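*Asks:* what shape does this take:
(one chain, ligands or ions: 1)
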Amino acid sequence: MKEPVAYLGPVGTFTHEAARALFPGHDQALTPYSSIPDVLTAVDRGECEYGVVPVENAIEGSVNLTLDWLIHQVEVPITAELIYPISQYLMIHPDQAGRPLNSFTRILSHPQALAQTQMYLRKHLPRAALSYVESTADAALRVQENPGEAWVAVGTRSAGELYGLKIVAREIQDVPNNFTRFIAVGKEISCEPGSSWKSSLLVSLPSDFPGALYRVLQSFARHGVNLSRIESRPTKKRLGTYHFFIDAETKLEHPSMKQAIQEVEAWQCRIRRFGSYPSYTFDKINVFQPVDNREAEAYNQR
Ligand SMILES: O=C(O)C(=O)Cc1ccccc1
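*Replies:* Numbering: from 1, shown residues only. I've put the predicted structure just below:
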């Protein structure tokens with residue numbers, strides 16, 4: 001048995017798909033947890049060697065729950081990232097087939113999935129209430145368990161199939177290029193040759209002096225370190241104070257990165273290193289069989 005990989009479950013989440021792509025051949029070892037904090041805690045406590053969680057979406061931005069747990073609650077290194085395409089499907093219980101879409105009363109999903117499909121949902125299900133659950137597959141499971149309710153779930157095609165739901169619309173995200181960045185945390189994982197590398201850091205300013213953040217950014221710029229992301233998160237100590245979560249396209253052990261960090265630390269900033277890791281994009285988009293959409297389209301046109 002391979003070492004366990006914790007992921008945001010149950011089976012059929014986007015994170016499950018990302019974990020399968022990051023850990024091919026580990027299907028038996030993939031272990032569902034019911035929330036992002038549970039995944040990160042399992043790795044932090046050593047219950048699982050690896051974990052996979054979402055960290056950023058192209059439409060909705062950061063998954064703050066992931067960032068805040070990485071910053072405040074656990075001490076786990078980031079070991080890989082995967083940029084994975086997201087297609088959202090609208091699913092109902094088969095017992096509800098035939099009911100017009102605009103008469104469904106409740107839409108269940110993960111907050112990110114509901115945000116990514118808000119325009120579609122406002123147009124097609126204007127009277128339905130939104131129900132936020134821990135994951136898209138959790139939503140599908142709840143719809144399966146409540147055949148008598150006029151509920152819909154938004155999530156993966158695989159969840160629709162696993163939980164025996166009827167897919168009534170596909171690709172309902174509001175913009176076409178919907179990608180999510182997932183990270184693996186925990187033990188180092190073997191990487192494919194030729195991968196591009198990234199590093200993640202948390203920079204905390206000593207106090208709010210004029211130009212503090214400018215000094216930090218200037219140090220990276222001066223040493224030719226390209227930053228690909230900077231995200232501020234509240235310190236949770238005082239209103240208006242922040243940690244800066246920074247991704248760079250240079251390894252931590254590279255001399256230019258070391259110099260930049262040294263300079264930032266000389267400004268009395270605290271730096272926490274989350275590690276350097278390979279960055280993958282998922283280009284085998286059709287690895288999961290494409291759904292036959294004719295039925296769904298016909299349904300939508302009624
Ligand atoms: O709920 C899921 O399926 C997840 O893995 C979280 C998520 C939700 C929406 C887009 C990407 C990841």
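
*Asks:* any idea how far the residue in the stretch 201-302 of the chain positioned nearest to the ligand is from residue 17?
*Replies:* As assessed by Cβ to the nearest ligand atom, the ligand sits closest to residue 282 within the stretch 201-302 of the chain, at 12.6 Å. For every residue, glycine as well, the C-beta is placed using N, CA and C. Between residue 282 and residue 17 the distance, using Cβ to Cβ, to the nearest Å, works out to 9 Å.

*Asks:* and for those two, which residues touch both?
*Replies:* The contact sets of residue 282 and residue 17 overlap at residue 84 (Cβ atoms under 8 Å, 6 or more residues apart in numbering).

*Asks:* and the two? Which one has more around it.
*Replies:* residue 17 (24 against 16; other Cβ atoms under 10 Å).

*Asks:* up against the ligand, what does the stretch 151-300 of the chain have?
*Replies:* Contacts of the stretch 151-300 of the chain with the ligand, taken as Cβ under 6 Å from any ligand atom, map to 155, 180.

*Asks:* residue of the stretch 151-300 of the chain nearest the ligand, please.
*Replies:* Taking Cβ to the nearest ligand atom, the ligand has its nearest neighbour within the stretch 151-300 of the chain at residue 180, 4.1 Å off.

*Asks:* what confidence value was assigned to the closest residue to that residue other than its chain neighbours?
*Replies:* Closest residue to residue 180 apart from its sequence neighbours, by Cβ to Cβ, 6 or more residues apart in numbering: residue 57 at 4.7 Å. Looking at residue 57, its pLDDT stands at 93.

*Asks:* please apply the same query to residue 288.
*Replies:* Residue 288 is assigned 31 on the pLDDT scale.

*Asks:* check which helix or strand the residue of the stretch 151-300 of the chain closest to the ligand maps to.
*Replies:* Element membership of residue 180 [criterion: DSSP states H and E] is strand 179-186.

*Asks:* and for residue 48?
*Replies:* Per DSSP H and E, there is no helix or strand for residue 48.

*Asks:* please apply the same query to residue 98.
*Replies:* Under the criterion DSSP H and E, no helix or strand holds residue 98.

*Asks:* count of neighbours near it?
*Replies:* Neighbour tally, residue 98, other Cβ under 10 Å: 9.
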